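> Sequence plus predicted model, see below.
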Amino acid sequence: MIKTLYSLGAYLHALMFGHLVRMGFVLFDSQVDPEKITAELKRIGDAVKETGEKALKEAEKAGQLSEKTKTAVDDLLTKQGELRSRLDEVEQKLAASGKGNGDDDQAAETLGTVLDGAKEALSDFVEKRVMGKHVQIPISRKALTNTGATGAALNYPGTQILPMPLMPLLRQLRIRDVIAPGQISTAVAFYQRESGYTNNAAPVSEGSLKPTSEITFELITEPVRTLAHLFDISLQMLADVPYLQSYIGMRGLYGLKSVEDTQLLTGSGTGQNLEGLYTAATAYAQPSGVTLDPTKEQDLDKLRLALLQVELADAFANAIILHPTDWAGIELLKDTQNRYLFTNPQNTTTGRIWGRDVVSTRAMTQGRFLTGDFMAHAQILDREDANIAISFENKDNFARNMATIRVEERLALANYRPEAFVKGVLESAS
């Protein structure tokens, strides 16, 4: 009987892996289908269970269960465990490669892959130089913030994924990074802006009229705006895709992000400008009930009270926006022994005050600040992701052997509740 069990074990072992091979499974192939392996694993598991139970019954009839018989049955279960482990490893590899989640192409998309995909069109465009023609390359938002394997963590927040050393990623925060993302498919955004709220909720007895809270809205019409700029490059640069990628990332996209910061923050809302969050924000007013000597109030005090003002408006501030000069002044604060008060010169993480992220940007006027609930009461509505267009038909490009690159995007900004944002003048500038 033991010999039969061993033969059965060998047979089932071969059956498990042989059947997988016949079905086309390669356990460490990136194209493997985990669902099929799981189904097969269940079928084999049922067969192993049934075989083990039969073996135990036969042994019980004989009066005892020998150690060799136990070993033979355990061996079958071990083979099943090996298959389970291999399935787990396959699933981990698929997860690491970004496959199996229905978003394979987007997961691996970077600015480099986008430009590589357009390499043939670029080469043909440069060689033929047909009059009046231009080449256009759409770039998704994911490609703008993903640089591939050695920079996959450029999306805030993150850490740099490198074998050695593993260090927190220090990256300049943009205003976009702290605002809720969104999309829009029309040329105009229509939304309700809350302009007043009175909470009358209260306990009521059975049969009594329920109190009514009052929320006042106003209909806002926000057109989608276009942000764009041009710059010239040589034909030699245009023919070198890696160099073109570097230059567009360094200058083209940087310029677009800079003007986006300004529009999201201080856009006037007139003409072709967005209405910035600072423009529509509520002015700072020291909350009542706070005991603070006005003659000793510092920038940090005012920022903390501004956070309180946001919280008293039933919101929670998630970021503070400052001019780089003001942020540097705060970071340089020291005690009487010349020790920095709340920062470490060796710190490699994003700056924070009172537990909130600090966005240091020249889009903010020096001496002023803005704080608020950016994630819950404002939203960026992207109409079109950034796209790149290249043309020879501009100014004296022919005479100078140059081409012109245009980088642009279309978006709107929804400010659902200005009361959730507080702006003011720092104490050091007042």
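Here it is on my side, so go on. What you see is a predicted model; the values in this text were computed from it and never measured.
> How are the strands of the chain distributed by residue range?
In order along the chain, the chain carries the following strands (DSSP state E): 134-138, 180-183, 188-198, 214-223, 225-234, 282-283, 319-322, 352-353, 356-360, 368-372, 378-391, 402-415, 421-425.
> Tell me which of those is the most buried.
Comparing those by mean neighbour count (mean count of other CB atoms under 10 Å), strand 368-372 comes out on top with a mean of 27. Every C-beta, even on glycine, is put in place using the N, C-alpha and C of the backbone.
> With just CA atoms, put it into CSV.
What follows is strand 368-372, C-alpha atoms only, in CSV (Å, rounded to 0.1, in the frame of the first residue of the first chain):
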residue,chain,number,x,y,z
ARG,A,368,2.0,87.2,2.7
PHE,A,369,0.6,83.7,3.3
LEU,A,370,-2.3,81.4,2.4
THR,A,371,-3.5,78.4,4.3
GLY,A,372,-6.7,76.3,4.0
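> which other helices and strands contact that strand?
helix 277-280, helix 299-312, strand 319-322, strand 421-425 (3 or more CB pairs under 8 Å, 6 or more residues apart in numbering; DSSP states H and E).
> Need those in JSON lines (columns: distance to residue 249).
JSON lines is the format used below for these (distance: least, CB to CB, whole Å):
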{"stretch": "helix 277-280", "distance to residue 249": "27"}
{"stretch": "helix 299-312", "distance to residue 249": "33"}
{"stretch": "strand 319-322", "distance to residue 249": "24"}
{"stretch": "strand 421-425", "distance to residue 249": "31"}
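> Tell me which of these sits nearest to residue 396.
With CB to CB as the measure, helix 277-280 is the member of the helices and strands packed on strand 368-372 nearest residue 396 (39.5 Å).
> just to revisit the earlier point, quick one, which of the helices and strands packed on strand 368-372 gets closest to residue 355.
helix 299-312 (9.1 Å).
> that older thread, can you tell me which of the helices and strands packed on strand 368-372 is nearest to residue 404?
Evaluated with CB to CB, the helices and strands packed on strand 368-372 place helix 277-280 nearest to residue 404, the distance being 32.6 Å.
> list the helices and strands the closest one packs on?
Taking 3+ CB pairs under 8 Å, 6+ apart as the contact definition, the neighbouring helices and strands of helix 277-280 are helix 253-266, strand 368-372, strand 402-415, strand 421-425.
> Can I get the ones you listed in a markdown table including distance to residue 345 and mean pLDDT?
What follows is those, written out as a markdown table (distance: least, CB to CB, whole Å; pLDDT from 0 to 100):
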| stretch | distance to residue 345 | mean pLDDT |
| --- | --- | --- |
| helix 253-266 | 26 | 90 |
| strand 368-372 | 23 | 97 |
| strand 402-415 | 36 | 91 |
| strand 421-425 | 28 | 97 |
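> Let's have these in JSON lines, adding distance to residue 210.
Putting the helices and strands packed on helix 277-280 into JSON lines (distance: least, CB to CB, whole Å) gives the following:
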{"stretch": "helix 253-266", "distance to residue 210": "40"}
{"stretch": "strand 368-372", "distance to residue 210": "32"}
{"stretch": "strand 402-415", "distance to residue 210": "31"}
{"stretch": "strand 421-425", "distance to residue 210": "32"}
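> nearest to residue 290, of those?
Each of these was checked against residue 290 via CB to CB, and the shortest separation belongs to strand 421-425, namely 14.2 Å.
> so where's the stretch 301-430 of the chain uncertain?
Judged by pLDDT under 70, the stretch 301-430 of the chain has its weakly predicted residues at 347-350.
> if we can go back for a sec, make CSV out of the strands of the chain and add distance to residue 328.
Output for those, formatted as CSV (distance: least, CB to CB, whole Å):
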stretch, distance to residue 328
strand 134-138, 38
strand 180-183, 29
strand 188-198, 35
strand 214-223, 34
strand 225-234, 28
strand 282-283, 25
strand 319-322, 9
strand 352-353, 13
strand 356-360, 8
strand 368-372, 14
strand 378-391, 27
strand 402-415, 28
strand 421-425, 18
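> To residue 287, which of the helices and strands packed on strand 368-372 lies closest?
helix 299-312 (5.2 Å).
> same for that closest one, what does it pack against?
Contact partners of helix 299-312 among helices and strands, from 3+ CB pairs under 8 Å, 6+ apart: helix 324-331, strand 368-372, strand 421-425.
> Need the contact partners of it.
Residues outside helix 299-312 that contact it (CB atoms under 8 Å, 6 or more residues apart in numbering): 282, 284-287, 290, 292, 316-317, 320, 326, 329-330, 333, 353-354, 356, 369, 371-373, 420-422, 424, 426-428.
> hmm, 6 Å instead?
Helix 299-312 is contacted by residues 284, 286, 287, 317, 330, 354, 371, 372, 422, 426, 427, 428 when judged by CB atoms under 6 Å, 6 or more residues apart in numbering.
> Report the buried residues of that helix.
Within helix 299-312, the residues that count as buried by 16 or more other CB atoms under 10 Å are 299, 300, 301, 302, 303, 304, 305, 306, 307, 308, 309, 310.
> Near residue 336, how many other residues are there?
Counted with other CB atoms under 10 Å, the neighbours of residue 336 add up to 5.
> same deal with residue 376?
Other residues within reach of residue 376, judged by other CB under 10 Å, total 14.
> what number of residues lie near the closest residue to it other than its chain neighbours?
When the adjacent residues along the chain are set aside, residue 376 lies closest to residue 315, with 6.7 Å between them (CB to CB, 6 or more residues apart in numbering). Close neighbours of residue 315, defined as other CB under 10 Å, add up to 19.
> Verify the stated contact: residue 315 with residue 371.
No: between residue 315 and residue 371 no contact is recorded; they are 10.2 Å apart, counting by CB atoms under 6 Å.
> for the helices and strands packed on strand 368-372, which one sits closest to residue 211?
For these, the distance to residue 211 is smallest for helix 299-312, at 21.3 Å, taking CB to CB.
> Could you tell me the angle between that closest one and strand 421-425?
Here helix 299-312 points in a direction 150 degrees away from that of strand 421-425 (axes from the mean of the first three to the mean of the last three CA atoms, to 10 degrees).
> before we move on, the earlier item: got the helices and strands packed on helix 299-312 as JSON lines, with distance to residue 274 columns?
JSON lines is the format used below for the helices and strands packed on helix 299-312 (distance: least, CB to CB, whole Å):
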{"stretch": "helix 324-331", "distance to residue 274": "22"}
{"stretch": "strand 368-372", "distance to residue 274": "15"}
{"stretch": "strand 421-425", "distance to residue 274": "15"}
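> Which one of these lies nearest to residue 196?
strand 421-425 (15.4 Å).
> partner strands of that closest one, parallel or antiparallel?
Strands flanking strand 421-425 in the sheet, each with its direction: strand 282-283 (parallel), strand 368-372 (antiparallel) (DSSP bridges).
> I'd like these as TSV, with distance to residue 253 appended.
As requested, the strands paired with strand 421-425 are arranged in TSV below (distance: least, CB to CB, whole Å):
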stretch	distance to residue 253
strand 282-283	33
strand 368-372	24
